[in-house]
Structures are given as structure tokens and as C-alpha cells.
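Enquirer: prediction below, plus the sequence it came from.
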Amino acid sequence: MNEISTVPHKIIGVAVIWNNQEQILIDRRRPGGTMGGLWEFPGGKIELGETIEECIQREIYEELGIEIKVGEHLITIDHTYKDLRVTLTVHHCYHLTGIPQAIECDEIRWVSLDELDSFTFPEANVEIIAALQKSQNYTF
């Protein structure tokens, strides 16, 4: 009998959060966890019965303590790491209210599109950055 090993699959809503200075919010993962110390676009796992938009809004509120408006879909990425498969559904978002706080991460920063290349992201995020650079600035 052949055993097929399947890695866990997570569907994740990801926010590219813009402010009115055309900067994007990124956060650094906590050192101890998976891909610790790397920078990422905030987001999280979709829960049963949630739309991707609801997931993104909830996760951003839980992780950063801010309200956002979820805008257009940017890209969907299917990526398999050694022990995990992720589907990242990425949306442009706009910061509405609240001051971002590092509730579930190590650090947060507002950066320009050009500055993204100076930060180390998980492999799957490289495609998000490429899509952003291709689309340039997003208007709401």
C-alpha cells in the first residue's frame, strides 16, 4: 500500500494596507514561530463561513488593532513550503482608523513600494511584491 504524504493546506487572506502617504504596512513575524523574523503583509487564516474580505478585516483588527477598507483583489498565490501549502488571497486595503500596534507580531512599519526590496519576506510573498511593483500605486 502506497502512503501519500500530504502537507497541511491553509487558505490565508492577506492585506496590502495603504495609507494616504502611499505607504504600505508590513510586520515582522515573532522570532520563535514559523518563518520567525521575516517580514510579511499582515493577514491570517480564513474561518468557516467567512468571506475572504471578512477574514482580512477581522485578522487586521485582531493583529494590529486597526480598521481597514478591503479593496480590489491583487493576486492569489499557491505556494508549497517543505511542510505547509498556502493559498494567499491578497487584496489592496486602505487604512481607515486606529494606530497600528504590534499585537501579534514583533514590529510594524509603514514603507514605500520602493523600500519593500530592503526587507526579507517569506518565499511566497515575493510574488506579492512583484505584483505590486507591476501595478504601481493603487487608488481607492
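Expert: Ah, there it is.
Enquirer: close enough to count as contact, residue 21 and residue 110?
Expert: Yes - between residue 21 and residue 110 there is a contact at 7.3 Å, judged by CB atoms under 8 Å. All C-beta atoms are positioned from the backbone trio N, CA, C, and that covers glycine.
Enquirer: the two: who's more crowded?
Expert: For residue 21 and residue 110, the more surrounded residue by other CB atoms under 10 Å is residue 110, and the numbers stand at 16 against 7.
Enquirer: confirm that one sits in a strand?
Expert: Yes - assessed by DSSP: H, G, I helix; E, B strand; the rest coil, residue 110 belongs to a strand.
Enquirer: go ahead and confirm it touches residue 18.
Expert: No - with contacts defined as CB under 8 Å, residue 110 does not count as touching residue 18, sitting 9.5 Å away.
Enquirer: quick one: common contacting residues for the two?
Expert: Common contacts of residue 110 and residue 18 (CB atoms under 8 Å, 6 or more residues apart in numbering): residue 24.
Enquirer: low pLDDT regions in this protein?
Expert: 1-5, 136-140 (pLDDT under 70).
Enquirer: the strands in this protein, which residues?
Expert: The residue ranges that make up the strands of the chain, judged by DSSP state E, are 9-18, 24-28, 39-40, 43-45, 67-80, 85-97, 107-111.
Enquirer: quick one: closest of these to residue 130.
Expert: Ranking those by proximity to residue 130 (CB to CB) places strand 67-80 first, at 8.7 Å.
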